[in-house]
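[1] sequence and computational prediction follow.
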Amino acid sequence: MAWFKRKNKKALADRSLKQGVALVTNYAPDSRISEEYRTLRTNISFSQADGDIKTLVITSAAAAEGKSTVSSNVAVTFAKQGLNTILVDLDMRRPVVNASFGQQNIGGLVKLLTTDGEKLEEQLPLYAKPTQIENLTVLVAGPTPPNPSELLGSKRMLALLKYLREHYDRVVLDTPPVLSVTDAQIVAAHADATVLVVPYGLAQKKFVLQAKDLLTKVDANIIGVVMNRMPAQGGAGYYYYGGYYK
């Protein structure tokens, strides 16, 4: 069974790299899954009574657990609410945002972070591209650099997060899995909130708890979890949002 799960997850990961993820909130806005995403959007928006959540990290414990699907669809729902939204692909090793939105994975975040001496406000419009969805901009990851973690922990990355927070209503950050590399921890430490994606029937409890502990160690504001791929009547899948709080 464990071997089957690993094989299934690898197939999902390879497919998303080539084809991107399903933007169900765009092509089927009246579906039950889209309604679940709108519920998730509402829960995120009202999860922090004392402040507005603008920068949101969405991650998972391990690879191929649906964090890119959730981050992309959450970004779409924010945009469809009329909020000026940007989706940033921070998974420089296995980016999928470019494929999901039909954009080339060139330049992007990597180029933005490695162009020294250039002002962010002048460079960002060159790499952050609008999508066919009104109010939604995406910043693809770009070519894989030799030092992703160092780039995400750089002063220029912190400056970028600050700039995006000031110029967008919502900033959705699709980060690598927590247990794979330190990237998610680095970014979550500076974001307003973090959501952990946990796939039903695939995620292992010990790994989810390890991921939560690693995020807690950097004082990430974990506002809840998304349990996805849950079975429903008739064999359809749906997304369920459940919270745990500090």
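    Thanks, I have the structure now.
[2] if I read this right, Thr216 contacts Leu196, doesn't it?
    No - using Cβ atoms under 8 Å as the test, Thr216 is too far from Leu196 to be in contact (11.0 Å). To be clear about C-beta, it is placed using only N, CA and C from the backbone, and glycine gets the same treatment.
[3] hey, what's in contact with both of the two?
    Ile222 (Cβ atoms under 8 Å, 6 or more residues apart in numbering).
[4] comparing those two, which residue is more hemmed in?
    Legend: neighbour count by other Cβ atoms under 10 Å for Thr216 and Leu196, higher for Leu196 (28 against 15).
[5] the more buried one contacts Asp213, correct?
    No - counting by Cβ under 8 Å, Leu196 does not reach Asp213; the two are 11.4 Å apart.
[6] burial count for Gln81?
    15.
[7] now it: closest residue in space, sequence neighbours ignored.
    Sequence neighbours aside, Arg41 is the residue nearest to Gln81 in space, at 6.9 Å (criterion: Cβ to Cβ, 6 or more residues apart in numbering).
[8] next: Ser34.
    Thr25 (4.7 Å).
[9] whichever strand in the chain runs longest - contacts with which helices or strands?
    Counting residues, the longest strand found in the chain (DSSP state E) is strand 222-231. In terms of contacts (3 or more Cβ pairs under 8 Å, 6 or more residues apart in numbering; DSSP states H and E), strand 222-231 is packed against helix 32-45, helix 67-80, strand 193-199, helix 205-217, strand 237-242.
[10] pick out the residue nearest the middle of this structure.
    Nearest to the mean C-alpha position of the chain, by Cα atoms, centre = their mean, lies Asp174 at 2.4 Å.
[11] for that one, give the beta-bridge partners.
    Going by DSSP bridges, Asp174 is paired in beta bridges with Ile58, Asp89.
[12] list the contacts for it?
    Counted by Cβ under 8 Å, 6+ apart, Asp174 has contacts 58, 67-68, 71-72, 87-91, 96-97.
[13] what is the nearest of the residues you listed to Gly20?
    Set against Gly20, the nearest of the contacts of Asp174 by Cβ to Cβ is Val96 (5.5 Å).
[14] quick one: the closest one from Ser34, how far?
    20 Å (Cβ to Cβ, to the nearest Å).
[15] helix, strand, or coil at the residue lying closest to Asp169 once chain neighbours are set aside?
    Excluding the flanking residues, the one nearest Asp169 by Cβ to Cβ, 6+ apart is Leu83, at 3.9 Å. Secondary structure state of Leu83, per DSSP: H, G, I helix; E, B strand; the rest coil, is coil.
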